[in-house]
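> Any chance you could fold what I've pasted below:
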Amino acid sequence: MDWLLSSLDILFDFPRWYVGAIVGTGFFTYYLHEAVKQPVLACSNGKFKDFLLAHVPILREKYWPTFWCLESRAQTVFASLLRSRLLPNIKYQREILKLSDGGQVALDWLEEGCPTNAPIIIILPGLTGESQAEYVKCLVNSASRIKLRVVVFNNRGLGGISLKTPRTYCASKCDDLSEVVNHIRSLNPGIPLVAAGVSMGGLILGNYLVSQFSKPDKPISAAMVISVPWNVFKGTESIEKPVLNLLLNRHLVGGLCKNIQRLKRDKVPQGPWDLEEVLKSKTIREFDSSYTTKQFGYKDVESYYTDATIHDKLHKIEVPLLCLSAGDDPFQPLEAIPLEEANKSKYVAIVVTARGGHIGFLEGLFPLFHEQYMCRFFTQYFTAIFADGSDLFAAIEKPTNTSCIEQV
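Just a heads-up that it's a prediction; the model follows:
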(Lines give C-alpha, C1' and ligand atoms only; values in the text may rest on other atoms or scores of the structure.)
Protein backbone atom coordinates (compact mmCIF):
# COMPACT_ATOMS: atom_id res chain seq x y z
CA MET A 1 0.00 0.00 0.00
CA ASP A 2 2.87 2.38 0.76
CA TRP A 3 4.27 2.01 -2.75
CA LEU A 4 0.86 2.83 -4.23
CA LEU A 5 0.55 5.99 -2.15
CA SER A 6 4.07 7.00 -3.13
CA SER A 7 3.25 6.47 -6.79
CA LEU A 8 0.14 8.61 -6.50
CA ASP A 9 2.11 11.37 -4.77
CA ILE A 10 4.62 11.37 -7.62
CA LEU A 11 1.81 11.45 -10.20
CA PHE A 12 0.10 14.40 -8.53
CA ASP A 13 3.41 16.28 -8.49
CA PHE A 14 3.38 16.41 -12.30
CA PRO A 15 1.69 19.37 -14.03
CA ARG A 16 -1.91 18.70 -15.03
CA TRP A 17 -1.16 19.12 -18.72
CA TYR A 18 1.47 16.39 -18.46
CA VAL A 19 -0.95 13.94 -16.82
CA GLY A 20 -3.59 14.85 -19.40
CA ALA A 21 -1.13 14.26 -22.22
CA ILE A 22 -0.31 10.80 -20.86
CA VAL A 23 -3.97 9.85 -20.49
CA GLY A 24 -4.85 11.29 -23.91
CA THR A 25 -1.99 9.51 -25.62
CA GLY A 26 -3.02 6.24 -24.00
CA PHE A 27 -6.62 6.63 -25.09
CA PHE A 28 -5.83 7.50 -28.71
CA THR A 29 -3.32 4.67 -28.92
CA TYR A 30 -6.08 2.33 -27.78
CA TYR A 31 -8.56 3.98 -30.19
CA LEU A 32 -6.31 3.63 -33.23
CA HIS A 33 -5.28 0.08 -32.40
CA GLU A 34 -8.56 -1.43 -31.19
CA ALA A 35 -11.38 0.62 -32.70
CA VAL A 36 -10.25 1.94 -36.08
CA LYS A 37 -10.29 -1.08 -38.38
CA GLN A 38 -11.40 -2.20 -41.78
CA PRO A 39 -14.61 -4.24 -41.63
CA VAL A 40 -14.51 -8.01 -41.81
CA LEU A 41 -16.24 -9.46 -44.87
CA ALA A 42 -17.67 -12.98 -44.69
CA CYS A 43 -18.78 -14.20 -48.11
CA SER A 44 -18.20 -17.14 -50.40
CA ASN A 45 -15.71 -16.53 -53.18
CA GLY A 46 -17.61 -15.88 -56.38
CA LYS A 47 -19.57 -13.32 -58.34
CA PHE A 48 -21.34 -11.66 -55.42
CA LYS A 49 -18.17 -11.15 -53.42
CA ASP A 50 -16.34 -9.85 -56.49
CA PHE A 51 -19.24 -7.50 -57.16
CA LEU A 52 -19.13 -6.09 -53.64
CA LEU A 53 -15.38 -5.58 -53.64
CA ALA A 54 -15.55 -3.85 -57.01
CA HIS A 55 -18.56 -1.60 -56.40
CA VAL A 56 -18.83 -1.00 -52.64
CA PRO A 57 -15.60 0.90 -51.89
CA ILE A 58 -16.47 1.46 -48.21
CA LEU A 59 -15.45 -2.17 -47.69
CA ARG A 60 -11.83 -1.15 -48.25
CA GLU A 61 -11.97 1.79 -45.86
CA LYS A 62 -11.37 1.83 -42.14
CA TYR A 63 -14.35 2.65 -39.98
CA TRP A 64 -13.52 5.55 -37.64
CA PRO A 65 -16.13 5.42 -34.87
CA THR A 66 -16.84 8.69 -33.09
CA PHE A 67 -14.25 8.64 -30.33
CA TRP A 68 -16.30 10.49 -27.73
CA CYS A 69 -19.01 7.80 -27.75
CA LEU A 70 -16.88 4.78 -28.53
CA GLU A 71 -18.55 2.33 -26.14
CA SER A 72 -21.28 0.16 -27.69
CA ARG A 73 -24.18 1.38 -25.54
CA ALA A 74 -23.01 4.97 -25.99
CA GLN A 75 -23.04 4.49 -29.78
CA THR A 76 -26.53 3.01 -29.57
CA VAL A 77 -28.01 5.74 -27.37
CA PHE A 78 -26.23 8.81 -28.78
CA ALA A 79 -27.00 7.78 -32.36
CA SER A 80 -30.69 7.66 -31.52
CA LEU A 81 -30.63 10.94 -29.59
CA LEU A 82 -28.69 12.88 -32.22
CA ARG A 83 -30.75 11.65 -35.15
CA SER A 84 -34.05 12.22 -33.39
CA ARG A 85 -33.11 15.84 -32.64
CA LEU A 86 -31.38 16.79 -35.88
CA LEU A 87 -33.43 15.01 -38.54
CA PRO A 88 -36.77 16.62 -39.39
CA ASN A 89 -39.84 14.51 -39.99
CA ILE A 90 -40.45 13.38 -43.54
CA LYS A 91 -43.65 14.19 -45.44
CA TYR A 92 -44.82 10.87 -46.82
CA GLN A 93 -47.81 9.96 -48.92
CA ARG A 94 -49.70 7.42 -46.83
CA GLU A 95 -51.47 4.37 -48.21
CA ILE A 96 -53.59 2.13 -45.96
CA LEU A 97 -53.43 -1.47 -47.10
CA LYS A 98 -56.27 -3.77 -46.03
CA LEU A 99 -54.97 -7.25 -45.31
CA SER A 100 -56.65 -10.53 -46.09
CA ASP A 101 -57.61 -11.24 -42.46
CA GLY A 102 -59.23 -7.83 -41.94
CA GLY A 103 -56.17 -6.15 -40.47
CA GLN A 104 -54.45 -3.09 -41.89
CA VAL A 105 -50.98 -1.62 -42.25
CA ALA A 106 -49.72 1.80 -43.25
CA LEU A 107 -47.41 2.13 -46.24
CA ASP A 108 -45.62 5.50 -46.28
CA TRP A 109 -44.32 6.50 -49.71
CA LEU A 110 -41.67 9.03 -50.68
CA GLU A 111 -41.37 9.40 -54.46
CA GLU A 112 -40.61 13.10 -54.87
CA GLY A 113 -38.14 13.75 -57.68
CA CYS A 114 -38.18 10.15 -58.89
CA PRO A 115 -39.34 9.02 -62.32
CA THR A 116 -42.42 6.79 -62.34
CA ASN A 117 -40.35 3.83 -63.50
CA ALA A 118 -37.67 4.24 -60.82
CA PRO A 119 -36.85 1.16 -58.71
CA ILE A 120 -38.71 0.76 -55.41
CA ILE A 121 -37.24 -0.03 -52.01
CA ILE A 122 -39.25 -1.31 -49.05
CA ILE A 123 -37.83 -0.32 -45.66
CA LEU A 124 -38.75 -2.37 -42.59
CA PRO A 125 -38.24 -0.65 -39.19
CA GLY A 126 -37.18 -2.38 -35.99
CA LEU A 127 -39.05 -3.71 -32.97
CA THR A 128 -41.16 -0.65 -32.12
CA GLY A 129 -40.11 1.59 -35.02
CA GLU A 130 -42.17 3.26 -37.72
CA SER A 131 -41.64 5.60 -40.65
CA GLN A 132 -40.57 8.59 -38.51
CA ALA A 133 -38.06 6.58 -36.48
CA GLU A 134 -34.70 8.36 -36.59
CA TYR A 135 -32.76 5.52 -38.25
CA VAL A 136 -35.54 5.01 -40.81
CA LYS A 137 -35.39 8.68 -41.80
CA CYS A 138 -31.63 8.31 -42.35
CA LEU A 139 -32.15 5.47 -44.81
CA VAL A 140 -35.14 7.13 -46.48
CA ASN A 141 -33.11 10.30 -47.11
CA SER A 142 -30.27 8.25 -48.55
CA ALA A 143 -32.61 6.28 -50.80
CA SER A 144 -34.22 9.49 -52.02
CA ARG A 145 -30.81 10.93 -52.89
CA ILE A 146 -30.08 8.02 -55.23
CA LYS A 147 -33.54 8.36 -56.82
CA LEU A 148 -35.21 5.28 -55.40
CA ARG A 149 -38.93 5.32 -54.74
CA VAL A 150 -39.28 4.55 -51.05
CA VAL A 151 -42.06 2.81 -49.15
CA VAL A 152 -41.82 2.28 -45.40
CA PHE A 153 -43.79 -0.72 -44.15
CA ASN A 154 -45.29 0.13 -40.75
CA ASN A 155 -46.30 -2.99 -38.84
CA ARG A 156 -49.85 -3.40 -37.56
CA GLY A 157 -50.75 -0.86 -34.89
CA LEU A 158 -47.71 1.32 -35.64
CA GLY A 159 -47.41 4.58 -37.53
CA GLY A 160 -50.51 6.05 -35.86
CA ILE A 161 -53.12 3.68 -37.30
CA SER A 162 -55.61 1.67 -35.26
CA LEU A 163 -55.73 -2.08 -34.89
CA LYS A 164 -58.62 -3.82 -36.61
CA THR A 165 -57.88 -7.34 -35.33
CA PRO A 166 -56.18 -8.79 -32.23
CA ARG A 167 -53.14 -9.69 -34.31
CA THR A 168 -50.07 -7.45 -34.18
CA TYR A 169 -46.67 -8.65 -35.46
CA CYS A 170 -43.63 -10.71 -34.55
CA ALA A 171 -40.19 -11.59 -35.93
CA SER A 172 -41.08 -15.04 -37.26
CA LYS A 173 -44.18 -14.20 -39.29
CA CYS A 174 -43.70 -12.64 -42.71
CA ASP A 175 -47.15 -13.09 -44.26
CA ASP A 176 -47.98 -9.39 -43.80
CA LEU A 177 -44.78 -8.50 -45.64
CA SER A 178 -45.69 -11.01 -48.34
CA GLU A 179 -49.02 -9.25 -48.88
CA VAL A 180 -47.27 -5.88 -49.00
CA VAL A 181 -44.75 -7.14 -51.57
CA ASN A 182 -47.48 -8.66 -53.74
CA HIS A 183 -49.50 -5.43 -53.53
CA ILE A 184 -46.56 -3.25 -54.56
CA ARG A 185 -45.66 -5.56 -57.43
CA SER A 186 -49.23 -5.63 -58.70
CA LEU A 187 -49.28 -1.83 -58.84
CA ASN A 188 -45.82 -1.58 -60.41
CA PRO A 189 -45.40 -4.46 -62.87
CA GLY A 190 -41.89 -4.81 -64.23
CA ILE A 191 -40.38 -2.30 -61.75
CA PRO A 192 -37.35 -3.62 -59.82
CA LEU A 193 -38.09 -4.12 -56.12
CA VAL A 194 -35.50 -4.30 -53.32
CA ALA A 195 -35.76 -4.16 -49.54
CA ALA A 196 -33.87 -3.15 -46.40
CA GLY A 197 -34.63 -4.23 -42.83
CA VAL A 198 -33.29 -2.84 -39.55
CA SER A 199 -32.98 -4.95 -36.39
CA MET A 200 -36.23 -6.94 -36.05
CA GLY A 201 -37.24 -5.64 -39.46
CA GLY A 202 -34.16 -7.47 -40.72
CA LEU A 203 -35.39 -10.67 -39.05
CA ILE A 204 -38.79 -10.37 -40.72
CA LEU A 205 -37.14 -9.66 -44.06
CA GLY A 206 -34.72 -12.55 -43.59
CA ASN A 207 -37.54 -14.95 -42.81
CA TYR A 208 -39.40 -13.70 -45.86
CA LEU A 209 -36.39 -14.40 -48.06
CA VAL A 210 -36.13 -17.86 -46.50
CA SER A 211 -39.82 -18.46 -47.33
CA GLN A 212 -39.00 -17.85 -51.01
CA PHE A 213 -36.49 -20.73 -51.04
CA SER A 214 -36.54 -22.66 -54.33
CA LYS A 215 -39.26 -20.44 -55.85
CA PRO A 216 -38.22 -19.50 -59.39
CA ASP A 217 -39.68 -15.98 -59.32
CA LYS A 218 -38.16 -13.95 -56.50
CA PRO A 219 -40.35 -10.86 -55.83
CA ILE A 220 -37.43 -9.02 -54.19
CA SER A 221 -34.27 -8.95 -56.31
CA ALA A 222 -31.77 -7.75 -53.66
CA ALA A 223 -31.81 -6.86 -49.97
CA MET A 224 -29.86 -5.40 -47.07
CA VAL A 225 -30.19 -5.82 -43.31
CA ILE A 226 -28.62 -3.71 -40.55
CA SER A 227 -27.98 -4.77 -36.93
CA VAL A 228 -30.10 -7.88 -37.30
CA PRO A 229 -30.26 -10.14 -34.19
CA TRP A 230 -29.28 -13.29 -36.07
CA ASN A 231 -29.50 -15.68 -33.13
CA VAL A 232 -32.48 -14.62 -31.05
CA PHE A 233 -31.47 -16.84 -28.13
CA LYS A 234 -28.01 -15.26 -27.88
CA GLY A 235 -29.41 -11.81 -28.47
CA THR A 236 -31.96 -12.17 -25.69
CA GLU A 237 -29.29 -13.42 -23.29
CA SER A 238 -27.05 -10.48 -24.18
CA ILE A 239 -29.71 -7.82 -23.70
CA GLU A 240 -30.56 -9.25 -20.27
CA LYS A 241 -27.06 -8.69 -18.86
CA PRO A 242 -26.95 -6.06 -16.11
CA VAL A 243 -26.75 -3.15 -15.89
CA LEU A 244 -26.65 -1.11 -19.09
CA ASN A 245 -27.92 -3.83 -21.42
CA LEU A 246 -30.80 -4.52 -19.08
CA LEU A 247 -31.71 -0.82 -19.06
CA LEU A 248 -31.91 -0.89 -22.87
CA ASN A 249 -34.04 -4.02 -22.59
CA ARG A 250 -36.49 -2.33 -20.26
CA HIS A 251 -36.70 0.71 -22.51
CA LEU A 252 -37.67 -1.50 -25.44
CA VAL A 253 -40.21 -3.54 -23.52
CA GLY A 254 -41.76 -0.28 -22.36
CA GLY A 255 -42.33 0.61 -26.01
CA LEU A 256 -43.85 -2.82 -26.66
CA CYS A 257 -46.22 -2.49 -23.72
CA LYS A 258 -47.25 0.96 -24.92
CA ASN A 259 -48.09 -0.54 -28.31
CA ILE A 260 -50.11 -3.34 -26.74
CA GLN A 261 -52.23 -0.82 -24.87
CA ARG A 262 -53.70 -0.03 -28.29
CA LEU A 263 -55.59 -3.33 -28.03
CA LYS A 264 -57.62 -1.80 -25.23
CA ARG A 265 -57.78 1.66 -26.79
CA ASP A 266 -59.01 0.32 -30.14
CA LYS A 267 -61.48 -2.03 -28.39
CA VAL A 268 -60.02 -5.08 -30.09
CA PRO A 269 -61.33 -8.47 -28.87
CA GLN A 270 -58.83 -10.09 -26.51
CA GLY A 271 -57.07 -13.35 -27.25
CA PRO A 272 -55.60 -16.07 -24.99
CA TRP A 273 -53.47 -13.68 -22.96
CA ASP A 274 -53.86 -11.65 -19.81
CA LEU A 275 -53.32 -8.06 -20.88
CA GLU A 276 -52.65 -6.85 -17.36
CA GLU A 277 -50.01 -9.55 -16.94
CA VAL A 278 -48.44 -8.60 -20.28
CA LEU A 279 -48.16 -4.98 -19.21
CA LYS A 280 -46.13 -6.03 -16.15
CA SER A 281 -43.33 -7.39 -18.38
CA LYS A 282 -39.87 -6.12 -17.46
CA THR A 283 -37.89 -7.80 -20.25
CA ILE A 284 -38.49 -8.72 -23.87
CA ARG A 285 -38.39 -12.41 -22.93
CA GLU A 286 -41.16 -11.88 -20.38
CA PHE A 287 -43.21 -9.98 -22.95
CA ASP A 288 -42.74 -12.71 -25.55
CA SER A 289 -43.64 -15.40 -23.00
CA SER A 290 -46.85 -13.71 -21.85
CA TYR A 291 -48.00 -12.26 -25.18
CA THR A 292 -46.18 -13.09 -28.42
CA THR A 293 -46.13 -16.86 -27.95
CA LYS A 294 -49.80 -16.94 -27.03
CA GLN A 295 -50.88 -14.66 -29.84
CA PHE A 296 -49.08 -16.64 -32.53
CA GLY A 297 -49.72 -20.13 -31.20
CA TYR A 298 -46.28 -21.15 -29.93
CA LYS A 299 -46.09 -23.57 -27.03
CA ASP A 300 -43.32 -21.56 -25.35
CA VAL A 301 -40.83 -18.78 -25.94
CA GLU A 302 -38.11 -21.25 -27.00
CA SER A 303 -40.31 -22.45 -29.88
CA TYR A 304 -40.91 -18.87 -30.97
CA TYR A 305 -37.23 -17.95 -30.86
CA THR A 306 -36.31 -21.08 -32.81
CA ASP A 307 -38.77 -20.08 -35.53
CA ALA A 308 -37.68 -16.43 -35.53
CA THR A 309 -33.91 -16.89 -35.65
CA ILE A 310 -32.15 -16.93 -39.04
CA HIS A 311 -28.49 -17.61 -38.17
CA ASP A 312 -28.98 -21.23 -39.25
CA LYS A 313 -31.14 -20.53 -42.31
CA LEU A 314 -28.76 -18.62 -44.58
CA HIS A 315 -28.51 -21.61 -46.94
CA LYS A 316 -32.18 -21.02 -47.81
CA ILE A 317 -31.67 -17.43 -48.95
CA GLU A 318 -31.32 -17.16 -52.72
CA VAL A 319 -31.39 -13.38 -53.11
CA PRO A 320 -28.23 -11.22 -52.84
CA LEU A 321 -28.26 -10.03 -49.25
CA LEU A 322 -25.74 -7.60 -47.76
CA CYS A 323 -25.68 -7.52 -43.95
CA LEU A 324 -24.06 -4.89 -41.72
CA SER A 325 -23.37 -5.79 -38.08
CA ALA A 326 -21.16 -4.38 -35.33
CA GLY A 327 -18.86 -6.64 -33.35
CA ASP A 328 -19.88 -4.89 -30.13
CA ASP A 329 -23.66 -4.86 -30.72
CA PRO A 330 -25.27 -5.28 -27.27
CA PHE A 331 -28.24 -6.99 -28.95
CA GLN A 332 -26.10 -9.62 -30.68
CA PRO A 333 -22.68 -10.78 -29.43
CA LEU A 334 -19.94 -11.22 -31.99
CA GLU A 335 -19.78 -14.99 -31.54
CA ALA A 336 -23.46 -15.27 -32.51
CA ILE A 337 -23.00 -13.64 -35.93
CA PRO A 338 -23.04 -16.51 -38.46
CA LEU A 339 -19.80 -15.74 -40.28
CA GLU A 340 -19.05 -19.37 -41.14
CA GLU A 341 -22.56 -19.86 -42.47
CA ALA A 342 -22.21 -16.77 -44.68
CA ASN A 343 -18.85 -18.08 -45.81
CA LYS A 344 -20.66 -21.01 -47.43
CA SER A 345 -23.38 -18.95 -49.11
CA LYS A 346 -23.19 -17.58 -52.63
CA TYR A 347 -25.92 -15.04 -51.86
CA VAL A 348 -25.24 -13.73 -48.34
CA ALA A 349 -22.42 -11.35 -47.38
CA ILE A 350 -21.96 -10.28 -43.77
CA VAL A 351 -19.88 -7.20 -42.98
CA VAL A 352 -18.77 -6.71 -39.37
CA THR A 353 -17.22 -3.53 -37.98
CA ALA A 354 -15.20 -3.59 -34.77
CA ARG A 355 -17.44 -0.96 -33.16
CA GLY A 356 -20.82 0.61 -33.88
CA GLY A 357 -23.28 -0.61 -31.26
CA HIS A 358 -26.87 -1.36 -32.27
CA ILE A 359 -27.99 0.77 -35.24
CA GLY A 360 -25.30 3.23 -34.20
CA PHE A 361 -22.36 3.41 -36.57
CA LEU A 362 -21.60 7.03 -35.74
CA GLU A 363 -18.33 8.22 -37.26
CA GLY A 364 -16.19 11.33 -37.26
CA LEU A 365 -15.86 14.09 -34.71
CA PHE A 366 -19.22 15.63 -35.62
CA PRO A 367 -21.57 12.83 -36.70
CA LEU A 368 -24.65 13.69 -38.77
CA PHE A 369 -22.81 16.57 -40.46
CA HIS A 370 -22.27 14.11 -43.30
CA GLU A 371 -23.87 10.91 -44.58
CA GLN A 372 -23.49 8.30 -41.88
CA TYR A 373 -21.58 5.05 -42.15
CA MET A 374 -24.54 2.70 -42.44
CA CYS A 375 -26.15 5.04 -44.97
CA ARG A 376 -22.98 5.10 -47.09
CA PHE A 377 -23.07 1.30 -47.13
CA PHE A 378 -26.72 1.48 -48.11
CA THR A 379 -26.27 3.98 -50.94
CA GLN A 380 -23.14 2.35 -52.38
CA TYR A 381 -24.73 -1.08 -52.40
CA PHE A 382 -28.05 -0.15 -53.98
CA THR A 383 -26.46 2.30 -56.42
CA ALA A 384 -24.25 -0.56 -57.59
CA ILE A 385 -27.20 -2.97 -57.78
CA PHE A 386 -29.05 -0.77 -60.25
CA ALA A 387 -26.04 0.64 -62.10
CA ASP A 388 -23.83 -2.44 -62.40
CA GLY A 389 -25.75 -5.47 -61.20
CA SER A 390 -28.07 -6.22 -64.10
CA ASP A 391 -26.10 -9.23 -65.27
CA LEU A 392 -24.85 -10.32 -61.86
CA PHE A 393 -27.47 -12.34 -60.09
CA ALA A 394 -28.33 -14.95 -62.68
CA ALA A 395 -24.59 -15.61 -63.01
CA ILE A 396 -23.74 -15.99 -59.33
CA GLU A 397 -21.50 -19.01 -59.10
CA LYS A 398 -21.78 -21.85 -56.65
CA PRO A 399 -19.37 -21.35 -53.75
CA THR A 400 -16.00 -22.97 -54.14
CA ASN A 401 -13.91 -24.81 -51.56
CA THR A 402 -11.55 -21.82 -51.37
CA SER A 403 -14.08 -19.49 -49.75
CA CYS A 404 -12.84 -17.63 -46.74
CA ILE A 405 -13.56 -15.03 -44.12
CA GLU A 406 -11.25 -12.15 -44.75
CA GLN A 407 -10.47 -8.67 -43.62
CA VAL A 408 -10.51 -6.60 -46.78
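> Test my guess that Phe287 contacts Gly255.
No: with contact taken as Cβ atoms under 8 Å, Phe287 and Gly255 are classed as non-touching, separated by 10.2 Å. Using the backbone N, CA and C atoms, a C-beta is placed for each residue, glycine as well.
> Could you list the low-pLDDT ranges of this structure?
Under the criterion of pLDDT under 70, the regions of the chain flagged as low confidence span 1-24, 389-408.
> could you redo the last one with a cut-off of 80?
By pLDDT under 80, the weakly predicted segments of the chain are 1-28, 262-265, 267, 368-370, 388-408.
> for it, what spans make up the strands?
40-43, 93-98, 104-110, 120-124, 149-154, 193-198, 222-226, 321-326, 348-353, 404-407 (DSSP state E).
> on that earlier part again, so for Phe287 and Gly255, which sits in the more crowded spot?
For Phe287 against Gly255, the residue with the higher neighbour count under other Cβ atoms under 10 Å is Phe287, and the figures read 23 against 12.
> The nearest residue in space to that one that is not next to it in sequence: how many residues sit nearby?
In space, Phe287 comes closest to Ser281 once its chain neighbours are excluded; the distance is 4.0 Å by Cβ to Cβ, 6 or more residues apart in numbering. Around Ser281 sit 20 other residues, with neighbours defined as other Cβ under 10 Å.
> ok, back up a step: switch the strands of the chain over to CSV; also include mean neighbour count.
Supplementary listing: those in CSV, determined by neighbours: other Cβ atoms under 10 Å:
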stretch, mean neighbour count
strand 40-43, 25
strand 93-98, 13
strand 104-110, 20
strand 120-124, 25
strand 149-154, 26
strand 193-198, 26
strand 222-226, 27
strand 321-326, 27
strand 348-353, 25
strand 404-407, 12
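> I'd assumed Ser325 was in contact with Ser227.
Yes: look at Ser227 against Ser325 with Cβ under 8 Å: they come within range, at 6.3 Å.
> Next, show the common contact partners of these two.
Residues touching both Ser227 and Ser325 by Cβ atoms under 8 Å, 6 or more residues apart in numbering: Gln332.
> In a markdown table, list the strands of the chain along with distance to Lys137.
Shown next, in a markdown table, are these (distance: least, Cβ to Cβ, whole Å):
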| stretch | distance to Lys137 |
| --- | --- |
| strand 40-43 | 28 |
| strand 93-98 | 15 |
| strand 104-110 | 10 |
| strand 120-124 | 10 |
| strand 149-154 | 9 |
| strand 193-198 | 12 |
| strand 222-226 | 14 |
| strand 321-326 | 18 |
| strand 348-353 | 22 |
| strand 404-407 | 32 |
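> Tell me what Val198 is bridged to.
According to DSSP bridges, Ile226 are recorded as the beta-bridge partners of Val198.
> what's near enough to touch it?
Applying Cβ under 8 Å, 6+ apart to Val198 gives the contacts 123-126, 129, 135-136, 139, 225-227, 359.
> Return the closest of these with respect to Ile317.
Set against Ile317, the nearest of these by Cβ to Cβ is Val225 (10.5 Å).
> which stretches of the stretch 201-350 of the chain form helices?
Secondary structure of the stretch 201-350 of the chain (DSSP state H, counting those that start in this stretch): helices at 232-239, 244-265, 275-278, 284-287, 293-295, 301-308, 339-343.
> Turn these into JSON lines, columns for distance to Asn154.
Written out in JSON lines, the entries for those read as follows (distance: least, Cβ to Cβ, whole Å):
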{"stretch": "helix 232-239", "distance to Asn154": "22"}
{"stretch": "helix 244-265", "distance to Asn154": "12"}
{"stretch": "helix 275-278", "distance to Asn154": "21"}
{"stretch": "helix 284-287", "distance to Asn154": "20"}
{"stretch": "helix 293-295", "distance to Asn154": "18"}
{"stretch": "helix 301-308", "distance to Asn154": "20"}
{"stretch": "helix 339-343", "distance to Asn154": "30"}
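> Of all the ones you listed, which one comes closest to Arg60?
Taking Cβ to Cβ as the measure, those were each checked against Arg60, and helix 339-343 came out nearest at 18.8 Å.
> Mind giving me the packing neighbours of the closest one?
strand 40-43, strand 348-353, strand 404-407 (3 or more Cβ pairs under 8 Å, 6 or more residues apart in numbering; DSSP states H and E).
> how does it look with 6 Å?
The criterion is 3 or more Cβ pairs under 6 Å, 6 or more residues apart in numbering; DSSP states H and E, and the helices and strands that helix 339-343 contacts are strand 40-43.
> Could you list the paired strands of the strand it packs on along with their orientation?
Strands adjacent to strand 40-43 in the sheet, as given by DSSP bridges, are strand 348-353 (antiparallel), strand 404-407 (antiparallel).
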